[in-house]
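Undergrad: Coordinates for the following, if possible.
(one chain, ligands or ions: 1)
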Amino acid sequence: MSKISEYSRDAFMSIAKVVTSTDLHYFGYITEVKSAINLLRSKGLEADRATSRGTYEDMLSKLTGWLATTYEALDGDLADISTSMSMSPFHLLTENAKVGAPAWSVLPVVTCGGAGTCKSYCYSLKAWRNPAAVGRQIQNTIIARLATTCSRYRVAFMQIMEDEIKKWGRKRHARKHIRLHVDGDMWTVEYLKMWAEIVASCPDSMVYTYTKAFEVWSEYDRLYGSITLPENLRVRLSTDHRYGNADVVRLVEHMHTTVGYFHTYTHANARDARVCGYMAECEGGCKACNYKCASRIGDIWVEIH
Ligand code: SF4
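TA: The predicted model follows:
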């Protein structure tokens, strides 16, 4: 597997900023995305250039090919859009070993408007060593961005995602848990609204997410009322957010979908963490703990080694 260079990391971050841009109409947007990826192909990844599978070059080649199909499909009907989405080079949902549940992710940092200090050490950026991981994040962010700006694309995405979630749910009981955002966060209220509707259409699945994007949830509450969020959406709040003690914090704490906070502690302050009496130990494997993040009401504490 190719190693990611610092230059490549900067270049991926440039793409991330383009694909999450909210001030472009989708035709202008997709042109921008294509030119950003082409720039990266021509300059940023010379050292990684290779023809074998699983390299950055291979990933970018797949993405640009798929973008061309997507661009044409936007002029077509719903079936054309659905077909282009089903030809996306990376699975929309993927299952990683630790989480053990299918997960949807988008690009980290640029979608994390509520993040605090974690932006400086974001664990998700480590996944950029893996071309498929960064490729999936870019692809899913583009799909999400198009789905929140183009109504036909939104209909196609919602149908495909509903089918995907139900398909995983039929496989095994554990697959009824779906994780939103191993990487990234709710970055616009339109995006949250779309997910709320998808989750509502899959009542047999438990969809859980971690979030620091308190302003987005607050805006949803203002526009639609948080009471309209589906019961099978479980929201765990992360402590490293940037809102201090602002009103939005109390608002998200009291949503009916909020199950509690996710805290981290070090060996040095473990005693304080345990004293609180709400501690659930993370054993490092989500299947083993039976997804307490989704099902347990109350805070969860995890030791950082
Ligand atoms: S919220 Fe999570 S994904 Fe976003 S910057 Fe922080 S650690 Fe990274």
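Undergrad: Run through the residues of the stretch 1-150 of the chain sitting next to the ligand.
TA: Pro108, Val109, Cys112, Ala115, Cys118, Lys119, Cys122, Tyr123, Ser124 (Cβ under 6 Å from any ligand atom). Using the backbone N, CA and C atoms, a C-beta is placed for each residue, glycine as well.
Undergrad: and of these, the nearest to Glu303?
TA: Nearest to Glu303 out of those is Tyr123 (Cβ to Cβ; 15.1 Å).
Undergrad: Spit out the contact partners of the closest residue to Arg242 other than its chain neighbours.
TA: Closest residue in space to Arg242, ignoring its immediate chain neighbours: Gly116 at 4.6 Å, by Cβ to Cβ, 6 or more residues apart in numbering. Residues near Gly116 by Cβ atoms under 8 Å, 6 or more residues apart in numbering: Lys212, Asp240, His241, Arg242.
Undergrad: Tell me how far stretch 192-209 lies from the chain's centre.
TA: Its chain's C-alpha centre and that of stretch 192-209 lie 14 Å apart, by Cα atoms, centre = their mean, to the nearest Å.
Undergrad: What lies in contact with that stretch?
TA: Contacts of stretch 192-209 (Cβ under 8 Å, 6+ apart): 144, 147-148, 154, 157-158, 161-162, 165-166, 168-169, 176-181, 186, 216-217, 220, 224, 228-230, 232-236, 259, 291, 293-295.
Undergrad: again, only this time at 7 Å
TA: 147-148, 154, 158, 161-162, 165-166, 169, 176-181, 186, 216-217, 220, 224, 229-230, 232-236, 293-294 (Cβ atoms under 7 Å, 6 or more residues apart in numbering).
Undergrad: which among the residues you listed end up buried?
TA: Among the contacts of stretch 192-209, the ones that count as buried by 16 or more other Cβ atoms under 10 Å are 147-148, 154, 158, 161-162, 165, 169, 176-181, 186, 216-217, 220, 229-230, 232-236, 293-294.
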